[in-house]
Structures are given as C-alpha cells and as structure tokens.
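Novice: one predicted model, sequence on top.
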Amino acid sequence: MKRVLINANFEKPKALEVLKRFERWALKNSVLIYSFDNSKNYSKAIKSLKRIPSAEQMNKIRREFFAVSFGGDGTMLSTARKVSEIDIPLLGINLGSLGFLSTVREDLMEERLDMVIKNRFKTESCDLLSAERKTKKIMAFNDIIMISKEPQRLLKIKIDVDGKNISDMSADGVIIATPKGSTAYSMAAGGPIVFSNVGCFIITPICPHLLVQRAIVIKNSSKIELTPISSDALISGDSQSRVEIKRNEKVIVRKHKNNVRLIKFDDTDFIDIMKEKFFLGRDPRL
C-alpha cells in the first residue's frame with residue numbers, strides 16, 4: 001500500500017513534530033499522503049499533502065490505501081467512523097495518555113509503518129453501532145449512550161430486545177457497547193470485559209436505582225429499542241455526537257451495515273494491551 005489517509009489531533013503537543021517525521025518516512029518510501037480535510041494545520045505540517053480523491057476515484061484505488069490516526073483514543077474513534085465509509089484498514093499512532101485503541105507508540109511509528117507497507121500485518125474487523133431516531137442516525141465505534149436531558153436526574157428507560165421487553169430501568173442512563181467499547185465507559189460502569197472477536201453487544205446500566213439491574217450481553221444481530229418514559233433524554237455516539245430524544249420517543253440501536261478494519265501485529269494482542277493499560281492479572285501496588 002502506497003497511499004495513506006491521515007487524521008490528526010493538532011491539540012496534542014507532539015502532533016506537528018510527529019507529522020513532520022511521518023512525512024519524512026513517507027517521502028523516503030514513496031508513499032503519498034492525503035488528509036480527510038484541507039485545513040491549514042495539515043498543510044503547515046505536511047508540505048507534500050495531496051487532495052483527497054473523489055468517491056469515484058477512491059473506489060478504483062481503495063486497495064492502495066490505509067489510514068492513520070494521530071492522537072489519542074478520541075481521535076481514533078472519530079477516524080474509525082470516517083474510514084468505515086470507505087473500507088480501508090486503520091492504524092492508530094498514540095499521542096495521548098491511555099492509547100487503548102491507538103496502540104502504536106510514536107517512537108515505534110516508522111518501524112510499524114514499514115511493516116504495513118510490506119504487508120506484515122493482519123486486520124481485525126470490528127462492529128459498529130447505529131442509533132436511529134426517525135430520520136436521524138448516529139454511528140458509534142465504542143458505544144451508544146442514553147442519559148437524561150436534565151443533568152443529574154434519574155431517567156426511566158424502557159429497553160426491548162428483538163421485540164421482547166427486558167427492563168424498565170431507572171438509572172442515570174444506559175450504555176449499549178460493542179466488544180471494543182466494553183473496555184471504555186461500559187467497563188467503568190461495571191460492565192464485563194469482552195474479547196473483541198466475540199459477536200455481541202453489551203447493555204450496561206449507569207448507576208441503576210436497583211441493585212438487581214446488571215449488564216446483559218446479547219448477540220450482535222439483535223435489535224435494541226430504547227424509550228425514555230419519564231422525561232426527555234439525550235443519546236450520543238462515542239460521546240462525540242448528540243441528539244435530543246423526546247419522552248416516549250423510540251430509538252432503535254443495532255449493528256451498523258459498515259465495520260472497521262483495525263491494523264494489528266503478531267507481537268501484540270488483546271491480553272497484552274489489557275495487561276499494559278489496565279493491569280489485568282497484576283497487582284499495580286507491587
């Protein structure tokens with residue numbers, strides 16, 4: 001692959017420095033660089049930046065492309081949603097603190113990029129979620145979240161799965177998470193950690209009023225219906241997009257038609273990342 005489409009978070013202190021290094025690597029290896037937008041930040045950092053191809057052109061040369069996200073996991077989430085529309089593999093260069101999704105450290109950037117252009121990698125296909133409310137649709141890589149429109153107010157939510165009511169839940173809200181998203185907000189709210197190759201979604205209550213209300217794992221082909229029945233609500237995708245939902249208005253959450261292909265390497269897997277980032281199986285006090 002000799003074409004790369006980039007997305008960067010220029011608020012990260014190292015962004016400009018790393019992008020200039022990236023351009024030097026690209027020029028050395030005859031790799032053409034494109035960006036999702038033509039903002040001044042990109043042209044300032046990368047002098048050889050190309051204009052993104054049209055949709056018709058992209059269809060013809062898609063196999064020559066991969067995408068790179070420069071930033072933290074938030075940047076990776078927004079990039080993942082963008083690349084899902086054009087179906088090219090995605091690599092994350094971590095310029096943030098956690099780096100659970102953007103797994104490549106910036107000091108290893110050139111080494112990993114060399115492996116990509118030599119096809120020494122594999123891809124992991126990840127499900128996306130969609131939330132539909134009338135004509136409005138939200139896409140999410142990690143999770144769809146419903147909370148009360150009024151901050152710090154309990155929300156009663158009717159939850160149906162494949163036409164069967166499973167709960168009328170009173171809570172601060174509810175999270176519908178993908179396996180990738182199981183290690184994000186859902187985990188913080190008490191949900192299970194799920195391997196990313198498991199075909200499922202997780203329904204996790206946020207601070208439920210009743211102790212018996214716990215996270216539920218369902219198949220990824222299920223149709224989930226969320227209805228706020230006590231007050232108006234807000235629904236968001238990856239905490240990066242937000243739509244207001246009226247009381248008793250139904251929202252349908254299900255697997256999105258697109259997916260995301262993440263670039264992975266043989267020397268790092270899910271367990272390694274969990275051990276490094278979340279101290280899985282270790283006592284951090286020792």
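Specialist: Thanks, I have the structure now.
Novice: what packs against the helix ranked longest in the chain?
Specialist: Scanning the chain for the helix with the most residues, using DSSP state H, yields helix 15-28. Judged by 3 or more Cβ pairs under 8 Å, 6 or more residues apart in numbering; DSSP states H and E, helix 15-28 is in contact with strand 3-8, strand 32-35, helix 40-45, strand 65-71, helix 109-117. All C-beta spots, glycine's among them, are computed from the backbone N, C-alpha and C.
Novice: is it true that residue 170 lies in a strand?
Specialist: Yes: under DSSP: H, G, I helix; E, B strand; the rest coil, residue 170 sits within a strand.
Novice: nearest to residue 203, out of the helices and strands packed on helix 15-28?
Specialist: strand 65-71 (28.0 Å; Cβ to Cβ).
Novice: what helices and strands are in contact with the closest one?
Specialist: If you count contacts as 3+ Cβ pairs under 8 Å, 6+ apart, strand 65-71 packs onto strand 3-8, helix 15-28, helix 73-84, strand 90-94.
Novice: partners of that strand in the sheet?
Specialist: strand 3-8 (parallel), strand 90-94 (parallel) (DSSP bridges).
Novice: buried deepest among these, which one?
Specialist: strand 90-94 (a mean of 25; mean count of other Cβ atoms under 10 Å).
Novice: I'd like the average pLDDT over the following helix or strand past it.
Specialist: Next helix or strand after strand 90-94 toward the C-terminus (DSSP states H and E): strand 104-105. Per-region confidence: strand 104-105 scores 88 on mean pLDDT.
Novice: mind listing the strands strand 104-105 pairs with, and their directions?
Specialist: Paired neighbours of strand 104-105 in the sheet (DSSP bridges): strand 90-94 (parallel).
Novice: list of residues touching the partner strand?
Specialist: Residues outside strand 90-94 that contact it (Cβ atoms under 8 Å, 6 or more residues apart in numbering) are 18, 22, 66-73, 75-76, 79-80, 83, 99, 101-106, 109, 112-113, 116, 260-263.
Novice: just the buried residues out of these, in PyMOL syntax.
Specialist: Remark: buried members of the contacts of strand 90-94, expressed as a PyMOL selection using 16 or more other Cβ atoms under 10 Å:
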select buried, resi 18+22+66+67+68+69+70+71+72+73+75+76+79+80+83+99+101+102+103+104+106+109+112+113+116+260+261+262+263
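Novice: circling back to that earlier point, please identify which of the helices and strands packed on strand 65-71 is closest to residue 53.
Specialist: When the helices and strands packed on strand 65-71 are compared by Cβ to Cβ, strand 3-8 sits nearest residue 53, at 8.7 Å.
Novice: run the angle between that closest one and helix 73-84 for me.
Specialist: With axes from the mean of the first three to the mean of the last three Cα atoms, to 10 degrees defining the directions, strand 3-8 sits at 140 degrees from helix 73-84.
Novice: then strand 3-8 to PDB, C-alphas only?
Specialist: Provided in PDB are the C-alpha atoms of strand 3-8 (Å, rounded to 0.1, in the frame of the first residue of the first chain):
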ATOM      1  CA  ARG A   3      -1.300   5.800  -0.300                       C
ATOM      2  CA  VAL A   4      -2.200   6.900   3.300                       C
ATOM      3  CA  LEU A   5      -5.100   8.900   4.500                       C
ATOM      4  CA  ILE A   6      -4.500  10.700   7.800                       C
ATOM      5  CA  ASN A   7      -6.500  12.300  10.600                       C
ATOM      6  CA  ALA A   8      -4.700  14.100  13.400                       C
END
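Novice: what's the mean pLDDT across it?
Specialist: What strand 3-8 shows for mean pLDDT is 92.
Novice: quick revisit: quick one: which of the helices and strands packed on strand 65-71 is nearest residue 184?
Specialist: With Cβ to Cβ as the measure, helix 73-84 is the member of the helices and strands packed on strand 65-71 nearest residue 184 (8.0 Å).
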